[in-house]
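K.L.:
give me a 3D structure for the following:
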Amino acid sequence: MRAERPRRLRTLVKKEFIQIRRDRRILPILIIMPVLQLVILGYAVSSDIKHLRTAVCDLDRTPQSRALIDRFATSGYFDIRHTVSDDRHIKPLVDAGKARVGLVIPPRFAAKLARQETATIQLLLDGTDSNTATVAQGYVTQIVNAEAARILVERLGPKATAPTAVEPTVRVWFNPDLKSVNFMVPGVVALILTIVTMTMTATAIVKEKERGTIEQLIVSPIRPVQLMLGKAIPFVIIGYADILLVVLVGLLWFRVPIAGSFTLLLFLSGLFIMTTLGLGLLISTVSQTQQQAMMLGFFANPPFMLLSGFIFPIASMPEPMQYLTYLIPLRYFLVIIRGIFLKGVGLDVLWPQALALTVFGVAVLVLSALRFQKRLG
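P.N.:
Modelled structure (predicted):
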């Protein structure tokens with residue numbers, strides 16, 4: 001009897017491998033998708049922060065001020081994207097996400113250096129991403145110290161020990177205390193919406209296939225569109241309930257403020273929910289079992305999280321990966337939710353992200369509906 005047990009176990013293991021081999025859908029998921037995840041995430045996941053979009057306001061316009069700007073531009077950490085004539089023009093650029101760093105060189109910068117006085121520059125940081133702002137502040141300190149050392153050597157010789165020639169004055173916008181919780185809580189809202197509305201919608205529909213009840217629904221008077229809506233609406237309601245719950249916890253427990261319109265947040269969340277529901281329906285049309293649907297959802301969630309800017313800045317990714325992030329709907333929603341929470345911006349600033357989510361949502365829903373009706377037919 002004991003000798004039979006190992007043989008039975010081997011038989012069961014063999015049978016399981018045969019089933020996996022015969023399942024043409026699950027085999028690529030088990031073999032190809034892990035490799036794709038490794039390639040994508042291997043390039044995307046980086047703690048190095050480079051190529052920060054920078055706006056410069058040079059009010060001195062001297063060779064010394066241009067030399068300091070050149071040192072920033074050639075450091076690899078800052079990309080000079082905008083040059084403005086008034087420091088008041090920097091904030092709109094930061095609001096719109098076109099700049100993460102503002103550098104202001106005041107008048108008489110070179111004159112103070114010539115008189116061997118300490119010259120100050122102003123650094124304006126977007127504090128919505130506290131980690132990026134902290135690292136950027138450290139980079140600025142390194143660059144300024146190096147430039148100050150160069151100026152002192154030119155002025156006093158290689159043995160100069162005078163005080164620092166250039167000193168940065170740092171001002172952090174939107175998140176002055178650089179609290180990471182203010183950056184993470186809005187992102188968690190977006191991530192929860194993605195998981196609930198996409199993965200759960202896919203598994204709920206596939207569950208009907210496994211139980212055989214989908215055939216009963218097909219022969220009933222219910223139309224395919226009604227069936228889709230009947231499956232999707234509960235998860236829309238659950239998604240909004242999750243938004244209210246997480247926002248309430250963020251406000252009361254973590255003390256994360258909402259600087260913008262909560263009504264606008266709910267409206268634009270609807271656009272994102274439309275997109276993730278469409279993706280969930282699309283997953284359900286290519287899955288035969290809940291296991292397949294869950295694995296497809298598992299494959300989609302990590303790239304969504306890591307390529308969207310949820311943790312790692314998109315600007316620090318390789319250029320091909322940056323283009324790939326435009327295909328991630330979560331990228332646009334993170335800009336929206338963090339912009340409303342921390343910056344208090346409105347639709348006049350967030351309309352490009354809202355438009356992108358609308359296009360994504362309509363396209364994915366139409367494609368999912370066509371495939372869904374075809375499968376039912």
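K.L.:
and the strands in this protein, which stretches?
P.N.:
Per DSSP state E, the chain has strands spanning 52-58, 78-84, 101-105, 119-126, 166-173. These are given in chain order.
K.L.:
strand partners (parallel or antiparallel) of the third one?
P.N.:
Neighbouring strands of strand 101-105 in its sheet, by DSSP bridges, are strand 52-58 (parallel), strand 119-126 (antiparallel).
K.L.:
what angle do strand 166-173 and it make with each other?
P.N.:
Regarding strand 101-105 and strand 166-173, their directions subtend 140 degrees when assessed with axes from the mean of the first three to the mean of the last three CA atoms, to 10 degrees.
K.L.:
and strand 101-105, how far from the chain's centre?
P.N.:
Taking CA atoms, centre = their mean, to the nearest Å, one finds the center of strand 101-105 at 25 Å from the center of the full chain.
K.L.:
just stretch 321-332 next, same as before
P.N.:
Averaging C-alpha coordinates over stretch 321-332 and over its chain gives two centres that are 8 Å apart (CA atoms, centre = their mean).
K.L.:
pull out the buried positions in stretch 351-360.
P.N.:
Residues of stretch 351-360 classed as buried by neighbour count (16 or more other CB atoms under 10 Å): 353-354, 356-357, 360. In this view, the C-beta of every residue, glycine as well, is placed from N, C-alpha and C.
K.L.:
now that stretch - C-alpha only, CSV.
P.N.:
Once side chains and other backbone atoms are set aside, the C-alpha atoms of stretch 351-360 remain, and they are given as CSV (Å, rounded to 0.1, in the frame of the first residue of the first chain):
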residue,chain,number,x,y,z
TRP,A,351,-7.5,68.6,-19.1
PRO,A,352,-4.8,66.8,-21.1
GLN,A,353,-4.9,63.9,-18.6
ALA,A,354,-8.7,63.9,-18.6
LEU,A,355,-8.7,63.8,-22.4
ALA,A,356,-6.2,60.9,-22.4
LEU,A,357,-8.3,58.9,-20.0
THR,A,358,-11.5,59.6,-22.0
VAL,A,359,-9.8,58.3,-25.2
PHE,A,360,-8.4,55.2,-23.4
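K.L.:
what does it rub up against?
P.N.:
Defining contact as CB atoms under 8 Å, 6 or more residues apart in numbering, one finds that stretch 351-360 is touched by 268, 271-272, 274-275, 329, 332-333, 335-336, 347.
K.L.:
just send the strands of the chain back as a markdown table, with mean pLDDT too.
P.N.:
Converted to a markdown table, the strands of the chain look like this (pLDDT from 0 to 100):
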| stretch | mean pLDDT |
| --- | --- |
| strand 52-58 | 92 |
| strand 78-84 | 91 |
| strand 101-105 | 91 |
| strand 119-126 | 88 |
| strand 166-173 | 82 |
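K.L.:
most tightly packed of the ones you listed?
P.N.:
Between the strands of the chain, the one whose residues have the most neighbours on average, counting mean count of other CB atoms under 10 Å, is strand 101-105 (a mean of 24).
K.L.:
can you check the pLDDT for Q373?
P.N.:
Predicted confidence (pLDDT) at Q373: the value is 65.
K.L.:
same list (the strands of the chain) but as a markdown table, adding distance to F235.
P.N.:
Rendered in a markdown table, the data for those read as follows (distance: least, CB to CB, whole Å):
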| stretch | distance to F235 |
| --- | --- |
| strand 52-58 | 36 |
| strand 78-84 | 40 |
| strand 101-105 | 40 |
| strand 119-126 | 34 |
| strand 166-173 | 36 |
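K.L.:
which of the buried residues of stretch 351-360 sits closest to V236?
P.N.:
For the buried residues of stretch 351-360, the minimum distance to V236 (CB to CB) is 14.8 Å, reached by L357.
K.L.:
so how far is F333 from the closest one?
P.N.:
Taking CB to CB, to the nearest Å as the measure, L357 falls 7 Å from F333.
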